[in-house]
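Colleague: Could you work out the structure for the sequence below:
(one chain, ligands or ions: 1)
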Amino acid sequence: MAKGNDGNLLQHGVELAAVSAITNHSLHLTCTHSMAPQESFPAPSRNRRLCHWLNSGLDFPSVAAYRRNEASLDRYPNTAELVASIIGDDNISGDLFEVSENKVTELLARWSETDLHVHGNSWRQGLSKVKPPAPETSWLFTMDPMTFLPDTEGPVDDDAMLRPNDVSLLIKYFQNVGVVGPKWVISIFCFELRSGPVNYYDLFLSEMRRMSNGLSLGMASFQVTYGNPHVAAVFSPSEDVIEQIGREWQVLHNV
Ligand SMILES: C[S@@+](CC[C@H](N)C(=O)[O-])C[C@H]1O[C@@H](n2cnc3c(N)ncnc32)[C@H](O)[C@@H]1O
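Modeller: A predicted model of the protein is given here:
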């Protein structure tokens, strides 16, 4: 897990850029790997980008959301908290998946009065039952697995990794949904792609292209690299949305 270091900042920077590109009011949100509402994490050994962002004059949605949540190394918010601080609890509907029992208990307590439904099971088990919103609704479907691996690299039981077989599952799900709304964004984040005997980075990118082609969606990828790269892929039917996310991430990355 790359909590609190540049991997999570890539995730939240891109997610919040996507939210601001598709809505200024309500959002349907699906998080496949939710985390607890807040978690603590060890101090990053280098590049304290969170502190740097918070001390900068930037007012991008992700930085504003970190400030509103008083994000710190001890109390690092998950995606739903960040989104809620921008658009309000009452304006979020959707589904949160999480497998850790303690985290599920916290999520249930946090969202029990709202239309954001918490599922204490794996996203793989729940995906086929995720009800897509109406096509005109703004929808962020976001995934934060640990890293990307070949299908042959285990343990392959329903775990925290993402593999080509999972990409096939996603393609099948979205193909079954049929229409893709103009304000729908899918985002996928994978941490520390090793270059090893198999180049995981190349594998991730080729699988993301397979998904983009399979769903006829535009796709862009972003990364933070200090060795093994943390990567993001975003998919949307709208080139404008993808460009807006890319422009915002570029500025954040260079701060
Ligand atoms: C990298 S963290 C998620 C970080 C979070 N999305 C955020 O906003 O920063 C991974 C989380 O996914 C959960 N998880 C692992 N495997 C899962 C699965 N198959 N389905 C759902 N959640 C899973 C873990 O318990 C952990 O809390």
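Colleague: alpha carbons only for contacts and neighbour counts from here, please
Modeller: Will do.
Colleague: The residue of the stretch 151-255 of the chain found nearest the ligand: what secondary structure?
Modeller: Of all residues in the stretch 151-255 of the chain, A160 sits closest to the ligand, at 3.4 Å by CA to the nearest ligand atom. Classification of A160 using DSSP: H, G, I helix; E, B strand; the rest coil returns coil.
Colleague: pLDDT score for it?
Modeller: Note for A160: predicted pLDDT of 95.
Colleague: Could you do T137 as well?
Modeller: So, for T137, pLDDT stands at 98.
Colleague: That one: what's its closest spatial neighbour, skipping adjacent residues?
Modeller: Counting by CA to CA, 6 or more residues apart in numbering, the nearest residue to T137 once its immediate chain neighbours are dropped is K183, at 6.7 Å.
Colleague: next one: V224
Modeller: H230 (5.3 Å).
Colleague: Pop out the phi and psi values for that neighbour.
Modeller: phi -90, psi 130 (degrees, to the nearest 10).
Colleague: Those residues of this protein touching the ligand, which are they?
Modeller: Within the chain, the residues that sit near the ligand (CA under 6 Å from any ligand atom) are 1, 8, 32-35, 78-79, 97-100, 122-123, 144-146, 158-160.
Colleague: residues near the closest residue to Q38 other than its chain neighbours, how many?
Modeller: Take Q38 and drop its neighbours on the chain: the residue closest to it by CA to CA, 6+ apart is P77, 4.4 Å away. When neighbours are defined as other CA atoms under 10 Å, P77 has 24 of them.
Colleague: go on, V185?
Modeller: Around V185 there are 28 residues (other CA under 10 Å).
Colleague: Quickly find the element holding it.
Modeller: strand 184-190 (DSSP states H and E).
Colleague: which secondary structure elements does that strand contact?
Modeller: Judged by 3 or more CA pairs under 8 Å, 6 or more residues apart in numbering; DSSP states H and E, strand 184-190 is in contact with helix 6-22, strand 139-143, strand 230-236.
Colleague: And for the last one, what's in contact with it?
Modeller: The set of residues external to strand 230-236 that reach it, using CA atoms under 8 Å, 6 or more residues apart in numbering, is 6-7, 10-11, 14, 182-193, 208, 212, 217-224, 242.
Colleague: how about the CA coordinates for the next helix or strand after that strand, as CSV?
Modeller: Once strand 230-236 ends, the next helix or strand along the chain (criterion: DSSP H and E) is helix 239-254. Extracted C-alpha coordinates of helix 239-254, given in CSV (Å, rounded to 0.1, in the frame of the first residue of the first chain):
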residue,chain,number,x,y,z
GLU,A,239,-12.0,13.9,-24.6
ASP,A,240,-12.7,17.2,-22.8
VAL,A,241,-13.1,15.5,-19.5
ILE,A,242,-9.9,13.5,-20.0
GLU,A,243,-8.0,16.7,-21.0
GLN,A,244,-9.2,18.6,-18.0
ILE,A,245,-8.1,15.8,-15.6
GLY,A,246,-4.7,15.7,-17.4
ARG,A,247,-4.2,19.5,-17.2
GLU,A,248,-5.0,19.5,-13.5
TRP,A,249,-2.8,16.5,-12.7
GLN,A,250,0.1,18.1,-14.6
VAL,A,251,-0.1,21.2,-12.4
LEU,A,252,-0.4,19.2,-9.2
HIS,A,253,2.5,16.9,-10.2
ASN,A,254,4.8,19.9,-10.9
